[in-house]
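Visitor: give the three-dimensional model of this entry:
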Amino acid sequence: MSHSLIIDCFPSSAARYCHEYAIVAIDVIRATTMAITSAATGRRTFYADSLEAARRLAEQLDNPLIAGELKGDMPEGFDMNNSPVELLQRTDLHRPIILLSSSGTKLMHEASRSGEAAYVACFRNHSAVARHLSGRHRKIAIIGAGSRNEFREEDQMCCAWIAERLLRAGYVAESSATQDIVERWSGASLEACCISNSVDYLRRSGQMRDLDFVLNHVDDLESVFTIAANEISVTVPKELAEAA
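Guide: Numbering: from 1, shown residues only. So this is what the prediction gives:
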């Protein structure tokens, strides 16, 4: 039986794949980068799909940090923005964190309904995710979070990188649009994604440190991160665990 993959975009699209597919959620700037960076430090990392859900979850946890943005602005009462750089400056790793974003954490929420499996990925672990997925799941949906009705370039690039590795491993693209995205970004320089409106927003809002972090942390993690029950968990791939 053939193995196949598809690239799609926006949280609402996840519902199309929740029964047969493993889903990979991607929001490079910045939700999945933030989530993976947090979980990689050992901090318990949760996500919410709405402000109300984030506040309800905060009541169930012991002194959590609440981080993120809605429409680019940090909601009142939050501890910090959706910034991996700011997060890594903190020393309170014992405190769980709750993440909220305009699109990325909504995509995580929808992806977690998958009956197969759900993962988060960003530039930091795209190769590890592709290796882990290959042969493990028959059908895979790689979904970019998108923003303001745009499939942002950095998410296209990360989706394409994972898909390209899977295609080389024998998977088949389920749509011409998927093949087109892979071909667009195959061999492209990392800087090619900097035409994105997400990048422009970070520049305009004086958050260049986060852009530098994203561009300077590529394939530096070998871990795979799964999502379920509003929490992100780290998994060391079996081949690495055996080697250790």
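
Visitor: how near is residue 231 to residue 187?
Guide: 36 Å (C-beta to C-beta, to the nearest Å). Backbone N, C-alpha and C define where each C-beta goes, glycine included.

Visitor: of those two, who's got more company?
Guide: Neighbour count, other C-beta atoms under 10 Å: between residue 231 and residue 187, residue 231 has more, with 16 against 7.

Visitor: run through the bridge partners of that one.
Guide: residue 46, residue 228 (DSSP bridges).

Visitor: any idea of the pLDDT on it?
Guide: pLDDT, residue 231: 97.

Visitor: again, but for residue 2
Guide: 87.

Visitor: which strands and helices lie in contact with the lengthiest helix in the chain?
Guide: Determined from DSSP state H, the single longest helix within the chain is helix 153-168. Using 3 or more C-beta pairs under 8 Å, 6 or more residues apart in numbering; DSSP states H and E as the contact test, the elements touching helix 153-168 are strand 4-9, strand 22-26, helix 126-133, strand 139-144, helix 176-185, helix 197-204.

Visitor: give me the contacts around stretch 35-43.
Guide: For stretch 35-43, the surrounding residues in contact (C-beta atoms under 8 Å, 6 or more residues apart in numbering) are 45, 47, 84, 87-88, 93, 95-97, 99, 104, 108, 120-122, 124-125, 221, 223, 225, 232-234.

Visitor: on that earlier part again, just name the most buried of the helices and strands packed on helix 153-168.
Guide: Greatest average neighbour count among the helices and strands packed on helix 153-168 goes to strand 22-26 (a mean of 30), per mean count of other C-beta atoms under 10 Å.

Visitor: kindly export the next helix or strand along the chain from that strand (C-alpha atoms) in PDB.
Guide: Next in sequence after strand 22-26, counting helices and strands by DSSP states H and E, comes helix 31-40. The C-alpha trace of helix 31-40 is given here as PDB (Å, rounded to 0.1, in the frame of the first residue of the first chain):
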ATOM      1  CA  ALA A  31       4.200  29.500  17.900                       C
ATOM      2  CA  THR A  32       5.800  26.200  17.100                       C
ATOM      3  CA  THR A  33       9.300  27.600  17.500                       C
ATOM      4  CA  MET A  34       8.200  28.900  20.900                       C
ATOM      5  CA  ALA A  35       6.600  25.600  21.800                       C
ATOM      6  CA  ILE A  36       9.500  23.400  20.800                       C
ATOM      7  CA  THR A  37      12.000  25.700  22.400                       C
ATOM      8  CA  SER A  38      10.100  25.600  25.700                       C
ATOM      9  CA  ALA A  39       9.600  21.800  25.700                       C
ATOM     10  CA  ALA A  40      13.300  21.300  24.800                       C
END
